[in-house]
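# how would this look folded up:
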Amino acid sequence: MFLFLTMLSVQAQRISVNATVQPSEIMIGEHALINLQVIAPKDKEILFPIYQDSIVGGLEVLSIGSPDTTITDNVRTINMKYLVTSFDSTLYYIPFIPVSDGIDTIKSNGFGLKVIAPELSDSTLAYLEKINSGQTDSIDFKELQLSDIKPIQKAPFVWKDLLSLLWIPLIIILLLAVIGAGIYLIVRKNRQGYFFTPPPVLPAHVRALESLDKIKADKIWQQERYKEFYTQLTGVLRRYINERFGINSLEMTSGEILEIIKAKIEEDSAYENLEQILTIADLVKFAKHTPFTDENDLSLMNSYFFINQTKEEEPLPDDSLEEIEEEKESLSEEKV
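Numbers count the residues shown, from 1 in each chain. The predicted structure is shown next:
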């Protein structure tokens, strides 16, 4: 048993090299493919020969492929391919192709490649015989059945050729379009201050009411987050006052805001609603006051009231104005 295992270990460390050629017989100028297969342990680094021009005299190397490697059970199999040709009719014998593992050189088996010349017709052989003997004046081309050189033929039309000619103008047109669009946008920005038409801005009261709707839906005061609730609520009102009345309410105290609002609005109820909100908000934010549930609901409701009482009335569209004028005229005619 020990001897058997030792033999297996030695066998696993061996490197085998096998060379084959397909096909084994070619015509002059045709190609053949030499495959060099190396089986070695996967930790072995294998070096293949790189032929610059020919393997043996007359057998030219056209190209060398990349190694194709597979690993199975710690054994690596590498296939290296060489594409060859020849222009001499003969039998080439390659005794071996060497590879190296960095220490030793391992030789492959020998193999042969037969290169044969094409069979020539009797007329061609007769022509060659007269050429070789210098009897060129006596050559009868009709008898030899040799045709004259054909003129250059025009290649058939292919759509691919047309497309290859069109891509340059298409790229030029695309570049001109991009440049034109860039110039247009720059001119537009210089005239109007923006590249593209900005989205319409909603009136201040509409945006404020939408913010209140969000606060109402979140119901954070029911989670006893009173300070956050009043901070959001007064923030909405301060921004609305800033846009609606044109005062810097974001940097003012509650007293300063109330003083200015009192002078700007006529309805006392709107002022009283804002006063209730700002007063309770200051107590919650700065005096750590815990408001009652009714106070929270009242503050939110008064916020809605204040915005609706002080919102800027939107101008009627032209169609509505025409309808009102027509109604006035009809009423005047009825009275007459």
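# what's the following helix or strand after the helix or strand of the chain with the lowest mean pLDDT?
Lowest on mean pLDDT, DSSP states H and E among the helices and strands of the chain sits helix 2-13, with a mean of 34. Using DSSP states H and E, the helix or strand that directly follows helix 2-13 along the chain is strand 16-22.
# name the strands paired with that next one and say parallel or antiparallel.
In the sheet, strand 16-22 lines up against strand 31-41 (antiparallel) (DSSP bridges).
# packing partners for whatever helix or strand comes next after the strand it pairs with?
Once strand 31-41 ends, the next helix or strand along the chain (criterion: DSSP H and E) is strand 54-56. Contacts defined by 3 or more CB pairs under 8 Å, 6 or more residues apart in numbering; DSSP states H and E place strand 54-56 against strand 59-64, strand 90-94. C-beta: built from backbone N, CA, C; applies to glycine.
# quick one, the shortest one and strand 31-41 angle?
Angle of strand 90-94 versus strand 31-41, following axes from the mean of the first three to the mean of the last three CA atoms, to 10 degrees, is 10 degrees.
# buried set for strand 90-94?
Y92, I94 (16 or more other CB atoms under 10 Å).
# which residues of the protein score low on pLDDT?
Along the chain, the parts satisfying pLDDT under 70 run over 1-13, 123, 135-148, 192-198, 314-336.
# what about the helices in it?
Per DSSP state H, the chain carries helices over the ranges 2-13, 122-133, 141-144, 159-192, 204-218, 226-245, 254-264, 268-286, 293-310, 318-335.
# residues contacting the nearest residue to H205 once chain neighbours are set aside?
Distance criterion CB to CB, 6 or more residues apart in numbering; nearest residue to H205, sequence neighbours excluded, is K311 at 3.6 Å. Applying CB atoms under 8 Å, 6 or more residues apart in numbering to K311 gives the contacts P203, A204, H205, R244.
# contacts only, for T77.
Taking CB under 8 Å, 6+ apart, we find T77 in contact with Q37, V38, I39, T69, T70, I71.
# ok, what's across the strand from the fifth one?
Using DSSP bridges, the bridge partners assigned to T70 are T77.
# wouldn't it be in contact with R76 here?
Yes - contact criterion CB atoms under 8 Å: T70 and R76 qualify, at 7.4 Å.
# if we can go back for a sec, narrow the contacts of K311 to those that are buried.
Buried members of these, scored by 16+ other CB under 10 Å, are A204, H205, R244.
# look up how far Y240 lies from the closest residue to the last one other than its chain neighbours.
Spelled out, that is R244. Counting by CB to CB, 6+ apart, A204 is the residue found nearest to R244 once chain neighbours are left out, at 5.0 Å. Separation of A204 from Y240 (CB to CB, to the nearest Å): 5 Å.
# next, count neighbours for the nearest residue to N74 once chain neighbours are set aside.
With CB to CB, 6+ apart as the criterion, N74 has its nearest non-adjacent residue at 5.3 Å, and that residue is K42. By other CB atoms under 10 Å, the residues close to K42 number 12.
# could you do I171 as well?
With other CB under 10 Å as criterion, I171 counts 10.
# again with the one 4 residues further on
For L175, the number of neighbouring residues by other CB under 10 Å comes to 10.
# gap between it and S164?
19 Å.
# sorry, back to before: buried among the contacts of T77? Need that as a selection in ChimeraX.
Buried members of the contacts of T77, defined by 16+ other CB under 10 Å, are picked up in ChimeraX with:
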select :37,38
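# reformat the contacts of T77 as a markdown table; add distance to T124.
A markdown table is the format used below for the contacts of T77 (distance: CB to CB, whole Å):
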| residue | distance to T124 |
| --- | --- |
| Q37 | 42 |
| V38 | 46 |
| I39 | 49 |
| T69 | 49 |
| T70 | 49 |
| I71 | 54 |
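# return the member of the contacts of T77 nearest to A126.
Closest approach to A126 among those (CB to CB): Q37, at 48.1 Å.
# wait, that closest one sits on I46?
No - contact between Q37 and I46 fails when scored by CB under 8 Å: they sit 11.0 Å apart.
# shared neighbours, those two?
I78.
# contacting residues around H289?
Counting by CB under 8 Å, 6+ apart, H289 touches I280, L283.
# give me phi/psi at it?
Backbone torsions for H289, taken as degrees, to the nearest 10, come to phi -80, psi 140.
# for stretch 81-100, measure first residue to last.
Taking CA to CA, to the nearest Å as the measure, stretch 81-100 stretches 16 Å from start to finish.
# tell me which residues in it are buried?
Neighbour-count burial for stretch 81-100 flags Y82, V84, T85, S86, Y92, I94, I97, V99 (criterion: 16+ other CB under 10 Å).
# find the nearest non-adjacent residue to the first one, please.
Yep, that's Y82 we're talking about. What sits nearest to Y82 in space, not counting adjacent residues and going by CB to CB, 6+ apart, is I34, at 4.3 Å.
# give me the beta-bridge partners of the one you found?
What pairs with I34, by the bridge criterion (DSSP bridges), is V21, Y82.
# residues near R76, how many?
R76: 17 neighbours (other CB under 10 Å).
# okay, it and D213: tell me how far apart.
Distance from R76 to D213, by CB to CB: 71 Å.
# then E275?
Here E275 is placed at a distance of 23 Å from D213 (CB to CB).
# ok, L258 next?
L258 is 25 Å from D213, by CB to CB.
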